[in-house]
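> with the input below, show me the fold.
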Amino acid sequence: MPPDGIVVDRSANTLHISRTYPAAVERVWRAWTDAEAITRWWGPEGWAATVYEMDVRPGGRWRFEIAPADASAAPVRSIATYTTVVDHRELAYDDVFADAAWQPDGSGTFPTSVTFTSTGNGCTVSVAARFPDGQALQRAVELQMADGYAEALDRLGNLLDGPSSTSEGETLMSELSTVTSADGTTIAYRMTGSGPAIIVVSNVAEDHTGVAGVAEALSKDFTVISFDRRGRGASGDPQPYDPAREIDDIAALIEVAGGSTALAGGSGGCGLTLDAASALGDKVTGLYLYEPPFIVDDSRSPAPAGYVEHQEALVAAGRRSEAVEYFMTEMIGVPAEYLPAMKQDPSWETMVKYAHTYAYDGQIMRGLQDGKPLPADRWSIEAPIAVAVGGNGEAFIRAGAGALAAILPNVTVLTLAGQDHSAFWMAPEPVAEQVRAFLLG
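Here you go, the predicted model:
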């Protein structure tokens, strides 16, 4: 097959389409695997795509709709179930058309594979879509399915090749750099500012954009690295998940930063931040932790027994929104009657997208939210640590901060007046000012 060509292979009932882009494999891969990015180019010219679900892992689903902007045709709905995911190399999925109720319409299953091949200065994408029989293939030809694919790949090319601008799509596709972690996983990161280095560790169910506010505020005085933790955004997510690999990811980012850096995290991100600092020794020059949610006494209920296993089961069953509900009600303690309003906020869909990370962070936080004293032998950290609590925060958070100060040698407990648990995200300037004062003096 020639480059950038379309081939109808009637002997194998398969459509082959290929396209080469002058862009790194990592960017092209992200365009295919990030729910927000793919909506910017998926579908024929003049059509808009809406992604309702995208869980890029074997067994995960990609549920989407494409519709013409002028409403000249009915929307087309599809459900793709991933069968193969090889980071930055191959995607394979079984595609079915769906009716308005998101049930298969009975027209059959169309196995599709997409390969990503580095060309040295670019990336070749090769798509192979197989059909059940010659009749189905002919129907696809008559419906100009191959032309629609080709137009979509043209749209992707325009997005990847377009001149630098401030358009949202181009920013989305180009703002991140990547580094390869010890196990070969690509970790996407953003570096801003200048000065001493600091890595901001994001929380559960968010990518690097979740900490964009505090990263920007810190960039006035620091070289700031924010990153997509594995399983989030443009970073890889090989299975099975292992919390130790996240420490490797931070080690790789420290090398990007020049070999040593401070770390900062808020809420659930504090567990990984502490584990990384303990494992990486003098590569970590200082820590700032905002309201680590340790539960060390009976001032509130502990984490539910079997929390990680329950979250894994919900996600495996495709019940990702229920996984968010479970986290909110059983871990955070949000009253169930608040959930309908929370689901109207766009942040809910982000949490659904990253629902698998509840089990990830649940593994990291094991032993830290059981209503028992913190383990005295988990961390060995010589770097100075600031544990900040909000002046309007909850009592169990203050108890956890005090417990950490009791088992580590160089901990300072700070109070951020007038703030609560959300300050790391909602009040980045006062948080950054406290970080500056602690780490820079």
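> low-confidence stretches in the stretch 1-150 of the chain?
Regions of the stretch 1-150 of the chain meeting the criterion pLDDT under 70 cover residues 1-4.
> helices along that one, start to end?
In chain order, the stretch 1-150 of the chain shows helices spanning 25-33, 35-38, 134-142, 145-161, with DSSP state H, counting those that start in this stretch as the criterion.
> can you lay out those helices as TSV showing distance to Arg436?
Every residue, glycine included, has its C-beta placed from N, CA and C. Output for the helices of the stretch 1-150 of the chain, formatted as TSV (distance: least, C-beta to C-beta, whole Å):
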stretch	distance to Arg436
helix 25-33	33
helix 35-38	32
helix 134-142	59
helix 145-161	38
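> return the most buried member of these.
Neighbour counts (mean count of other C-beta atoms under 10 Å) averaged over each of these peak at helix 25-33, with a mean of 22.
> who does that helix touch, helix- and strand-wise?
Helix 25-33 makes packing contacts with helix 35-38, strand 104-118, strand 123-130, helix 145-161, helix 168-174, strand 186-193 when contacts are defined by 3 or more C-beta pairs under 8 Å, 6 or more residues apart in numbering; DSSP states H and E.
> quick one, domains of this structure?
The chain is divided into the following domains under the TED database: 5-161, 177-298+369-440, 307-361.
> which of those has the highest mean neighbour count?
Most buried of the domains of the chain by mean neighbour count (mean count of other C-beta under 10 Å) is domain 177-298+369-440; its value is a mean of 20.
> quick revisit: the helices and strands packed on helix 25-33: which one's closest to His16?
Closest approach to His16 among the helices and strands packed on helix 25-33 is made by strand 123-130 (5.4 Å; C-beta to C-beta).
> that closest one - contacts with which helices or strands?
With contacts taken as 3+ C-beta pairs under 8 Å, 6+ apart, strand 123-130 sits against strand 14-21, helix 25-33, strand 104-118, helix 145-161.
> picking up where we left off before, closest to Arg320 out of the helices of the stretch 1-150 of the chain?
Ranked by C-beta to C-beta, the member of the helices of the stretch 1-150 of the chain that lies closest to Arg320 is helix 35-38, at 12.1 Å.
> alpha carbons of that closest one, in PDB - could you do that?
Once non-C-alpha atoms are left out, helix 35-38 reads as follows in PDB (Å, rounded to 0.1, in the frame of the first residue of the first chain):
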ATOM      1  CA  ALA A  35     -11.100  12.100  24.900                       C
ATOM      2  CA  GLU A  36     -10.800  15.900  24.500                       C
ATOM      3  CA  ALA A  37      -8.200  15.800  21.700                       C
ATOM      4  CA  ILE A  38     -10.000  13.300  19.500                       C
END
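> leaving out the residues flanking it, which one is nearest to the residue minimising distance to the centre of the chain?
Centrality entry for the chain: nearest residue to the mean C-alpha point is Arg232, 1.6 Å, by C-alpha atoms, centre = their mean. Closest residue to Arg232 apart from its sequence neighbours, by C-beta to C-beta, 6 or more residues apart in numbering: Asp207 at 4.2 Å.
> wouldn't the one you found be in contact with Gly231 here?
No: with the criterion set as C-beta atoms under 8 Å, Asp207 and Gly231 do not qualify as a contacting pair; they are 9.3 Å apart.
> shared neighbours, those two?
Tyr354 (C-beta atoms under 8 Å, 6 or more residues apart in numbering).
> that older thread, can I get the helices and strands packed on strand 123-130 in TSV with distance to Ala417?
What follows is the helices and strands packed on strand 123-130, written out as TSV (distance: least, C-beta to C-beta, whole Å):
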stretch	distance to Ala417
strand 14-21	51
helix 25-33	41
strand 104-118	50
helix 145-161	45
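> select, out of those, the one closest to Leu408.
Closest of these to Leu408 is helix 25-33, at 37.5 Å (criterion: C-beta to C-beta).
> and the closest one with strand 14-21, angle?
Using axes from the mean of the first three to the mean of the last three C-alpha atoms, to 10 degrees, the direction of helix 25-33 lies 130 degrees away from that of strand 14-21.
> now do helix 25-33 and strand 123-130, the angle between them.
Angle of helix 25-33 versus strand 123-130, following the same axes, to 10 degrees, is 30 degrees.
> got the contact list for helix 25-33?
Everything outside helix 25-33 that qualifies as a contact, by C-beta under 8 Å, 6+ apart, is 21, 37-38, 41, 54, 56, 87-88, 91, 114, 116-118, 123, 125, 156, 159-160, 173-174, 176, 178, 186, 188, 234.
> run through who's touching stretch 177-194.
24, 26, 30, 87-88, 175-176, 208, 215-216, 218-228, 230, 233-238, 245, 248-249, 251-253, 255-257.
> among those residues, name the ones in strands.
Among the contacts of stretch 177-194, the members falling in strands are 223-227 (criterion: DSSP state E).
> returning to that earlier point: is it true that the residue nearest to the centre of the chain touches Asn203?
No: contact status for Arg232 versus Asn203: not in contact, 10.3 Å apart, counting by C-beta under 8 Å.
> how about Gly281, phi and psi?
phi 60, psi -130 (degrees, to the nearest 10).
> once you drop chain neighbours, what's closest to it?
Glu382 (7.9 Å).
> wait, doesn't the one you found sit right on Asn410?
Yes: in this structure, Glu382 sits in contact with Asn410. The criterion is C-beta under 8 Å, and the distance is 6.6 Å.
> joint contacts of those two?
Where contact means C-beta under 8 Å, 6+ apart, no residue is in contact with each of Glu382 and Asn410.
> how about Glu309, phi and psi?
Its backbone dihedrals place Glu309 at phi -60, psi -40, with angles given as degrees, to the nearest 10.
> what pLDDT does it get?
Turning to Glu309, the model gives it a pLDDT of 97.
> wait, what's in contact with it?
So Glu309 contacts nothing (C-beta under 8 Å, 6+ apart).
> also Gly59?
Gly59 makes contacts with 81-82, 316, as judged by C-beta under 8 Å, 6+ apart.
> closest to Ser278 out of these?
Nearest member of those to Ser278, counting by C-beta to C-beta, is Ala316, at 31.4 Å.
> about what we covered before: looking at the helices and strands packed on strand 123-130, which is nearest to Ala197?
For the helices and strands packed on strand 123-130, the distance to Ala197 is smallest for helix 25-33, at 22.5 Å, taking C-beta to C-beta.
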